[in-house]
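Undergrad: pasting the sequence and the predicted coordinates here, then a few questions.
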Amino acid sequence: MALNFLKFEKLTIVSYDKAERTGTGEKFVAMFNPESYALSYENVYGREQGINTSARTARYAMSKPERLNLKIILDGSGVHTLGLTNIIGGGARALGFNNSMGKGDVYKQVQRFLELTSYMDGKLHEPKYLTLKWGDLVFKCRLNTVTVNYSLFDNSGIPLRAELDTSFLGDIEQSERLKKERKSSPDLTHYRVVGAHDKLPLMCEKIYGVAQYYLEVAKINNLNDFRNLRPGQEIYFPPIEK
């Protein structure tokens, strides 16, 4: 009886040399999909408290970037722990799990991972921008930490297995962050990307509640002609006192 196998999607890390993450980028495809991953979120509150008090108000300060932790396994021993090879034989290849590596390939793959995610890029003068993709997970990030644990060595000391314990920090562009935050209070700093039909007085009215600040906003942004805004340009709206 023939078995019909589905094509499994592999965890892929795409490395870009631009914060906009445009183009195809360079890809690192995981040998095995992780058994699990963890997303953590953290809010930070002020620590100030009055003298001779037993409690305090938790005053919100900021939300830290999301953090993604997962383990990536590279195995060149030829003995995979997924159990699929023994159960369905050659069907494992159809599932995309037959990722045999030659001698020394584990170390080479670790170095490729580090080059795409951790090492400083000569043009950027910093590590590259990343997007981690797997199923419904699309995570724009930068590598925070990675610990490489080598095991199963051959007689010459070449590693046959590596486990990469990774931690990635969420990284999104400012315009995307502001859109996500949806801040509307006039006493906060705002950035807005100009749309096709946006007019500065109307943009001021939406943010401040009145349109009268448009001349000050035009001056701060060095706009020579505020009547003809360019779609796609970013406008800075300073906070006003309550």
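TA: Yes, it's here.
Undergrad: buried stuff in the top helix by length along the chain?
TA: When the chain is parsed with DSSP state H, its longest helix is helix 105-117. Buried residues in helix 105-117, defined by neighbour count with 16 or more other Cβ atoms under 10 Å: 105-107, 109-110, 113-114, 116-117. Placement of C-beta: from N, CA and C, glycine included.
Undergrad: can you name the next helix or strand after the biggest strand by length in the chain?
TA: What stands out as the longest strand in the chain, according to DSSP state E, is strand 137-153. As assigned by DSSP states H and E, the chain's next helix or strand after strand 137-153 is strand 159-170.
Undergrad: mean confidence score for that next one?
TA: When pLDDT is averaged over strand 159-170, the result is 95.
Undergrad: so which elements touch it?
TA: strand 67-75, helix 105-117, strand 137-153 (3 or more Cβ pairs under 8 Å, 6 or more residues apart in numbering; DSSP states H and E).
Undergrad: that one: partners in the sheet, and parallel or antiparallel?
TA: In the sheet, strand 159-170 lines up against strand 67-75 (antiparallel), strand 137-153 (antiparallel) (DSSP bridges).
Undergrad: now it: buried residues?
TA: 159-162, 164, 166-170.
Undergrad: output it in PDB with nothing but the alpha carbons.
TA: What follows is strand 159-170, C-alpha atoms only, in PDB (Å, rounded to 0.1, in the frame of the first residue of the first chain):
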ATOM      1  CA  PRO A 159      31.600  17.200  16.200                       C
ATOM      2  CA  LEU A 160      28.800  15.100  14.800                       C
ATOM      3  CA  ARG A 161      26.000  16.900  16.600                       C
ATOM      4  CA  ALA A 162      25.300  20.500  17.800                       C
ATOM      5  CA  GLU A 163      22.400  22.000  19.800                       C
ATOM      6  CA  LEU A 164      21.900  25.700  19.400                       C
ATOM      7  CA  ASP A 165      20.100  27.300  22.300                       C
ATOM      8  CA  THR A 166      18.900  30.600  20.800                       C
ATOM      9  CA  SER A 167      17.200  33.700  22.000                       C
ATOM     10  CA  PHE A 168      15.900  36.300  19.500                       C
ATOM     11  CA  LEU A 169      14.600  39.900  20.300                       C
ATOM     12  CA  GLY A 170      11.700  41.300  18.500                       C
END
